[in-house]
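Enquirer: Need the 3D shape of this:
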Amino acid sequence: MKRGIEITAVPYICPAGFWTIGYGHLCDALHPPITEDEAEAYLARDLNTALAATLRYCPVLATEPEGRLAAIVDFTFNLGGGRLQTSTLRRRINQRNWPAAVTELRRWVYGGGRVLPGLVTRREAEAARLLRAA
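Expert: Coordinates of the predicted model:
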């Protein structure tokens, strides 16, 4: 176990209804079990993908404090670049309107049509990072 998060070595359906493995890597139901090293490799790739998408859609974050970038990379890791690309959150970030960006972050707490407590916690942590960097 690293980062205080346990890996899941076999595919499972996350609360939002997606097949997942490792630290949150999307997969299919037939994915073979993985080791912790494989989970780490998936995580590194997924975070690099999220970082690239975040900077592509929110270029202002390249000159903001690292905490702001980390908060939105986490959002993108969780929901994907497509969600960031089409969101009002993106517009608020690129306007550098941090209070409005926090309001938008807090709207992304639904999975499978219901509010998920884990997403509420995650969004609050991201919101705190956006504001703490101010």
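
Enquirer: where does the spatially closest residue to Leu61 that is not a sequence neighbour land in three-state SS?
Expert: Once flanking residues are discounted, Leu61 sits nearest to Leu69: 4.6 Å by C-beta to C-beta, 6 or more residues apart in numbering. All C-beta atoms are positioned from the backbone trio N, CA, C, and that covers glycine. What DSSP: H, G, I helix; E, B strand; the rest coil gives for Leu69 is helix.

Enquirer: And Leu69, how close does it get to Leu43?
Expert: To Leu43, Leu69 is 17 Å away according to C-beta to C-beta, to the nearest Å.

Enquirer: and the longest helix along the chain, what does it pack onto?
Expert: Looking across the chain with DSSP state H, the single longest helix is helix 36-57. With contacts taken as 3 or more C-beta pairs under 8 Å, 6 or more residues apart in numbering; DSSP states H and E, helix 36-57 sits against strand 19-22, strand 25-26, helix 66-79, helix 81-85.

Enquirer: how big is the angle separating that helix from helix 66-79?
Expert: Counting by axes from the mean of the first three to the mean of the last three C-alpha atoms, to 10 degrees, helix 36-57 lies at 110 degrees to helix 66-79.

Enquirer: what's in contact with helix 36-57?
Expert: Helix 36-57 is contacted from outside by 2, 7, 9, 21-25, 34, 61-62, 69, 72-77, 80-81, 84-85, 90, using C-beta atoms under 8 Å, 6 or more residues apart in numbering.
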